[in-house]
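*Asks:* Could you look at this predicted model? Sequence included:
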Amino acid sequence: MKYLNLKFGITLTVLLMLMLGTGKSVFSQQAGKWVAPEDASKVTNPYAGDEQVTKDGETLFVQLCLVCHGKKGKGDGIGGMSLNPRPSNFTKSAVQDQSDGALYWKITTGRPPMAAYETVLNDEQRWSLVNYIRKFKKD
């Protein structure tokens, strides 16, 4: 069953990318630094430190994010190789130094080629992804 969920998640992600298209003219305009609004950066994670929520985030990551961000979160997934901008490397300080609120905002709003998850995932699911992204932090 887990394999079917993974296969469905990968298929859905690839289909979304194909629907968005991969024309450089669309994505090259988005290639600048992606900064969350100041008010989003101040939002506090209501699930910080919640291990079950983080574990749920891992499941969602495998289903929705792994194809582009890669198994180790380095932005090297097979689905992201031709995207511009390339998927973020979650192990880098450029991601890990952002507030939880900023990451939550980015997951919520998206930016082509990344999908917006506001209507796909509920609040707790989006926070669970933030928690799981923190697991990629280098010690």
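*Replies:* It's in.
*Asks:* in stretch 104-114, what's buried?
*Replies:* By neighbour count on 16 or more other C-beta atoms under 10 Å, the buried set for stretch 104-114 is 104-108, 112-114. Placement of C-beta: from N, CA and C, glycine included.
*Asks:* among the helices and strands of the chain, which has the poorest mean pLDDT?
*Replies:* helix 24-28 (a mean of 37; mean pLDDT, DSSP states H and E).
*Asks:* for the helix or strand following that helix, what is the average pLDDT?
*Replies:* Next helix or strand after helix 24-28 toward the C-terminus (DSSP states H and E): helix 38-41. For helix 38-41, the mean pLDDT works out to 96.
*Asks:* got it, and stretch 58-67?
*Replies:* Rounded mean pLDDT across stretch 58-67 is 98.
*Asks:* Could you find the closest non-adjacent residue to Phe61?
*Replies:* Tyr132 (5.2 Å; C-beta to C-beta, 6 or more residues apart in numbering).
*Asks:* other SSEs contacting the helix or strand the one you found falls within?
*Replies:* According to DSSP H and E, Tyr132 maps onto helix 123-134. Here helix 123-134 touches helix 51-60, helix 100-109, going by 3 or more C-beta pairs under 8 Å, 6 or more residues apart in numbering; DSSP states H and E.
*Asks:* May I have the last one exported as PDB, CA atoms only?
*Replies:* The C-alpha trace of helix 100-109 is given here as PDB (Å, rounded to 0.1, in the frame of the first residue of the first chain):
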ATOM      1  CA  ASP A 100       9.500  28.100  10.200                       C
ATOM      2  CA  GLY A 101       6.900  30.700   9.200                       C
ATOM      3  CA  ALA A 102       8.800  31.600   6.000                       C
ATOM      4  CA  LEU A 103       9.000  27.900   5.000                       C
ATOM      5  CA  TYR A 104       5.400  27.400   5.800                       C
ATOM      6  CA  TRP A 105       4.500  30.400   3.600                       C
ATOM      7  CA  LYS A 106       6.500  29.100   0.700                       C
ATOM      8  CA  ILE A 107       4.900  25.700   1.000                       C
ATOM      9  CA  THR A 108       1.500  27.400   1.100                       C
ATOM     10  CA  THR A 109       1.900  29.800  -1.700                       C
END
